[in-house]
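**Q** Everything below, folded, please.
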Amino acid sequence: MATPGKWELVNKRNKKATYTKNEKKLARKALSENMPRIDPVAPLKPSETLFELGFEKMGKKQNKEQVPPISSSEQLLQKPPTGGKVIKKSCGDSGPKHKTFPSLEAAIKALDLNELQEQMDKSQDLFPGNPSVWVKDLAGYLNYKLQAPESDPTLSQFSYDYPYSLASKDLKNIIKSLLAKASDSLEHFFDHCIYTMLREQDKTAGESLHGYRICVQAILAEKPQIATMNLGKYLEMLRSQYNKPIKCLSIMWALGQAGTDLAEGLKVWLNIMLPVLGIKTLSAFAISYLDRLLMMHSNLSKGFGTIGPKDFFPLLDFAYMPNNSLSSNLQDQLRQLYPKLKLLALGAKPESALHTYFPSFLSRATPNCPPDMKKELLRCMVECLTTDSNSFSVWRQLYTKHLSQSSLLLNHLLETWDNIPVKVQKSLQETVRSFKVTNEELSAKGALNSQEISACNSACSNILQKLRGGGFPWFRLLLVLMIFAAGFVLHDVRVHGSFNASSSAHILQQSGLMSISEQAWNKVSYYSRQGYSWVESNTPQYYSEAVTMFGPSLELGWRKLSESAVYIKENLSYHVSWIIENLPKFAQWLHSNLPDTVFHVVEYIKELLLFVHQNYILPIMEYMKIVIMHWWRQFVNSCEGEINWDCMKKHFVNTTHVTWGYLQNTTTAIKNWAASVIASY
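**A** Purely as a prediction, here's the structure:
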């Protein structure tokens with residue numbers, strides 16, 4: 001039995017063990033190596049923490065790595081050289097336990113920042129050349145002090161910056177200052193925080209992880225690119241933990257804190273969360289993270305260039321293909337986010353990028369494609385053709401291998417022909433003609449897919465017919481007729497020597513137009529001469545009277561206006577120059593920070609105006625043209641085929657009488673109605 005402060009070797013049956021010489025030598029060596037060395041430690045002070053005690057212990061061993069302090073509450077173990085049982089010696093009470101707060105807010109409020117700063121200063125003094133130890137001490141101290149109940153590992157019910165948002169300004173300054181000193185070790189520290197969180201989650205009653213979460217958020221708030229430096233390593237780690245969803249969600253949450261930068265957040269989502277989108281336990285967080293990320297960043301231009309074709313089309317399939325691994329609710333959420341993802345994929349210059357997406361759009365647009373998917377693919381292909389002219393050449397190269405898809409697209413273009421710009425119609429004409437030639441070559445070779453070829457050929461013929469049978473060019477016709485008439489009259493006058501002797505004058509006289517034009521010209525000339533004579537005789541008199549009456553007031557007003565202009569110029573010159581200097585900056589800031597909803601509203605207004613123009617204004621103009629032509633024919637018929645001044649005068653008088661009668665009848669009806677209303681009261 002062991003006496004206080006000593007150790008004894010206990011063997012079976014209390015018999016004396018026999019050893020060889022070598023065994024005794026090895027046993028002594030093992031005993032000397034495994035014997036715990038207990039240094040004399042001063043009693044714990046009430047105001048000190050385990051971290052201070054640990055730092056005193058480390059001060060005696062500065063050449064070794066930092067280890068937890070050995071207190072009188074720990075158990076001492078000794079392993080006998082015979083490989084027998086281990087005798088444990090208990091020395092007093094158990095060590096101090098963690099204090100758990102009812103909430104994280106209370107724990108942060110109770111945190112002693114002076115003590116934290118002292119501990120960090122002591123760590124830097126003891127390990128001046130090892131900043132990785134400083135930040136690890138920071139994480140360990142915070143996690144030890146901030147013990148509070150945890151919710152789910154993704155903290156989905158809190159804001160995106162929780163729990164770092166709870167930290168006070170002074171606490172954040174302490175953390176930022178220490179991270180700035182250890183800037184070269186932040187990547188290693190980030191890995192340390194994640195691995196430590198995963199180790200704690202392996203324990204049955206592990207600690208809460210608020211301290212490590214705060215450190216992760218503090219790191220990525222300053223340098224979000226740290227999370228994306230080695231995404232392949234974390235994806236392998238994630239795949240190895242598929243059977244432990246809590247660990248997977250913790251990894252995804254930690255890497256997702258890079259979402260303070262849109263580009264880095266999208267990299268995390270595409271490389272970490274998109275590959276696990278089909279796993280039920282992880283899909284909900286992946287979709288909600290993407291929703292929150294796009295909501296945080298209203299200006300999507302900062303994420304241009306992050307999503308490419310290889311990333312975009314899996315998203316398209318998840319959003320529109322039925323019966324995939326996503327639930328219907330999650331698929332609806334992803335479909336709502338799809339327009340923003342599409343905008344990010346096309347980038348700042350879709351006119352130079354859309355042709356790279358066209359092959360994948362075309363290959364997916366099969367006749368058996370689901371309706372929603374087919375509708376979106378056709379819309380995207382039309383956008384490619386109208387925006388990026390290189391898409392036509394890509395389509396011509398892929399035509400023979402995608403006949404059924406091309407037939408579907410051609411028929412869709414026929415259905416939406418009125419919405420296609422004229423410039424695109426011209427490019428489409430060249431493409432369809434090349435398709436016709438290809439169809440004839442394939443038919444001559446006796447290709448097996450004759451049905452698809454005939455469908456494409458029929459669609460091409462219909463499009464060419466549309467192109468040839470466009471709307472009647474009234475404007476061009478009128479312009480040509482006017483030029484022809486002017487040229488004919490000039491030539492006629494030149495041949496006959498004068499206008500009166502020309503054939504044009506004879507034709508005008510026979511039709512009555514000459515007399516009408518002469519009467520009109522005479523009246524215009526008469527009234528012009530009358531007006532000119534009146535102005536010539538009365539202008540000097542009225543001018544002198546106006547000068548006498550308004551001259552002084554106008555001079556005074558002009559003087560005051562000049563003084564006001566000089567005053568305004570002197571006082572506003574600085575402000576005007578400042579506005580001119582800062583207006584471009586303000587416009588740039590406004591463009592970068594303006595919410596996407598404003599651009600969407602502008603697009604909706606544009607579509608509304610286009611709809612009104614096509615469905616209301618154009619039909620009204622067509623109807624008015626028909627009505628005017630019908631009225632003109634009636635007018636010509638009423639004049640018995642010869643339009644003269646007497647006929648026009650007669651129609652004018654009749655119209656005046658009808659209008660006056662209508663106004664009289666309307667006025668009488670209103671008067672009678674008003675009288676009846678007044679009489680009823």
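**Q** Show me how far stretch 521-536 is from its chain's centre.
**A** Computed by Cα atoms, centre = their mean, to the nearest Å, the chain-centroid distance of stretch 521-536 equals 67 Å.
**Q** in the protein, what secondary structure element scores lowest on mean pLDDT?
**A** For the chain, counting by mean pLDDT, DSSP states H and E, strand 76-78 ranks last in confidence among helices and strands (a mean of 33).
**Q** quick one, longest helix in this protein?
**A** helix 513-593 (DSSP state H).
**Q** So which elements touch that one?
**A** helix 503-511, helix 645-680 (3 or more Cβ pairs under 8 Å, 6 or more residues apart in numbering; DSSP states H and E). Where C-beta positions appear, they are placed from N, C-alpha and C, glycine not excepted.
**Q** isn't Ser363 right up against Gln405?
**A** Yes. With contact defined as Cβ atoms under 8 Å, Ser363 reaches Gln405; the gap is 6.9 Å.
**Q** These two - which one has more neighbours?
**A** Gln405 (24 against 14; other Cβ atoms under 10 Å).
**Q** list the contacts for that one?
**A** Remark: with contacts taken as Cβ atoms under 8 Å, 6 or more residues apart in numbering, Gln405 is in contact with Leu362, Ser363, Ala365, Thr366.
**Q** Drop anything exposed from those residues.
**A** Leu362, Ala365 (16 or more other Cβ atoms under 10 Å).
**Q** now the chain, which segments are flagged as low pLDDT?
**A** For the chain, the stretches with pLDDT under 70 are 1-98, 205-206, 447, 469-474, 476, 588-599, 641-644, 681.
**Q** one more time with 50
**A** Across the chain, the ranges flagged by pLDDT under 50 are 1-17, 31-32, 35-96.
**Q** now stretch 251-264, how far from the centre of its chain.
**A** 17 Å.
**Q** And it, end to end?
**A** 16 Å (Cα to Cα, to the nearest Å).
**Q** And stretch 225-238, by the same measure?
**A** 19 Å.
**Q** what separates that stretch from the chain centre, distance-wise?
**A** Worked out by Cα atoms, centre = their mean, stretch 225-238 lies 24 Å from the chain centre.
**Q** Could I get the buried residue list for it?
**A** Buried residues in stretch 225-238 (16+ other Cβ under 10 Å): Ile226, Ala227, Thr228, Leu231, Tyr234, Leu235, Met237, Leu238.
**Q** ok, now which ones touch the fourth one?
**A** Going by Cβ under 8 Å, 6+ apart, Leu231 touches Leu255, Lys267, Val268, Asn271, Ile272.
**Q** try 10 Å
**A** Leu238, Leu255, Lys267, Val268, Leu270, Asn271, Ile272 (Cβ atoms under 10 Å, 6 or more residues apart in numbering).
**Q** what's the closest of those residues to Lys122?
**A** When these are ranked by distance to Lys122 (Cβ to Cβ), Leu255 comes first, at 32.4 Å.
**Q** Pro339 - how many residues pack around it?
**A** Pro339: 11 neighbours (other Cβ under 10 Å).
**Q** quick revisit: anything in contact with each of Ser363 and Gln405?
**A** By Cβ under 10 Å, 6+ apart, the residues touching both Ser363 and Gln405 are Leu377, Leu398.
**Q** Run the chain-centre distance for the helix or strand Leu344 falls within.
**A** Counting by DSSP states H and E, the element that carries Leu344 is helix 328-346. Its chain's C-alpha centre and that of helix 328-346 lie 10 Å apart, by Cα atoms, centre = their mean.
**Q** list the helices and strands that helix packs on?
**A** helix 262-268, helix 280-296, helix 309-320, helix 354-364, helix 371-387, helix 596-612 (3 or more Cβ pairs under 10 Å, 6 or more residues apart in numbering; DSSP states H and E).
**Q** So which of those is nearest Lys466?
**A** helix 371-387 (15.4 Å).
**Q** Which helix or strand lies directly C-terminal to the closest one?
**A** Using DSSP H and E, the first helix or strand after helix 371-387 is helix 390-398.
**Q** what angle do that next one and helix 371-387 make?
**A** 120 degrees (axes from the mean of the first three to the mean of the last three Cα atoms, to 10 degrees).
**Q** And Lys423, how far from Pro224?
**A** 43 Å (Cβ to Cβ, to the nearest Å).
**Q** for Lys671, same thing?
**A** 79 Å.
**Q** Could you grab the helix/strand/coil label for Pro153?
**A** coil (DSSP: H, G, I helix; E, B strand; the rest coil).
**Q** that older thread, can you lay out the helices and strands packed on helix 328-346 as CSV showing distance to Glu518?
**A** Formatted as CSV, the helices and strands packed on helix 328-346 follow (distance: least, Cβ to Cβ, whole Å):
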stretch, distance to Glu518
helix 262-268, 77
helix 280-296, 75
helix 309-320, 73
helix 354-364, 64
helix 371-387, 55
helix 596-612, 46
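**Q** Need the winner for burial among the ones you listed.
**A** Stretch with highest mean neighbour count among those: helix 262-268 (a mean of 23; mean count of other Cβ atoms under 10 Å).
**Q** Pull the distance from that one to the chain's centre.
**A** 13 Å.
**Q** give the contact list for Ser168.
**A** Ile108, Lys109, Leu111, Leu113, Ile174.
**Q** my read: the last one touches Glu115, true?
**A** Read that as Ile174. No. The criterion here is Cβ atoms under 10 Å, and Ile174 misses it with Glu115 at 11.1 Å.
**Q** picking up where we left off before, when Lys671 and Pro224 are compared, which one has more neighbours?
**A** Ranked by neighbour count (other Cβ under 10 Å), Lys671 and Pro224 place Pro224 first, with 20 against 10.
**Q** quick one: Pro322 and Pro367, what's the gap?
**A** From Pro322 to Pro367 the distance is 16 Å (Cβ to Cβ).
**Q** And Ala107, by the same measure?
**A** Applying Cβ to Cβ to Ala107 and Pro367 gives a distance of 62 Å.
**Q** How about Arg213?
**A** Taking Cβ to Cβ, one finds Arg213 at 52 Å from Pro367.
**Q** Which one of those two is surrounded by more residues?
**A** Arg213 (27 against 11).
**Q** any idea which helix or strand carries that one?
**A** Assigned by DSSP H and E, Arg213 falls in helix 210-222.
**Q** Show me what that helix packs onto, helices and strands only.
**A** Packed next to helix 210-222, using 3+ Cβ pairs under 10 Å, 6+ apart, are helix 104-110, helix 131-145, helix 169-181, helix 186-202, helix 245-256, helix 262-268.
**Q** Tell me which of those helices sits nearest to Val653.
**A** So among the helices and strands packed on helix 210-222, helix 262-268 is nearest, using Cβ to Cβ, at 74.8 Å.
**Q** elements contacting the closest one?
**A** Against helix 262-268 (3+ Cβ pairs under 10 Å, 6+ apart) you get helix 210-222, helix 231-240, helix 245-256, helix 280-296, helix 328-346.
**Q** mind putting the ones you listed in JSON lines, distance to Arg633 included?
**A** Formatted as JSON lines, those follow (distance: least, Cβ to Cβ, whole Å):
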{"stretch": "helix 210-222", "distance to Arg633": "79"}
{"stretch": "helix 231-240", "distance to Arg633": "77"}
{"stretch": "helix 245-256", "distance to Arg633": "74"}
{"stretch": "helix 280-296", "distance to Arg633": "62"}
{"stretch": "helix 328-346", "distance to Arg633": "52"}
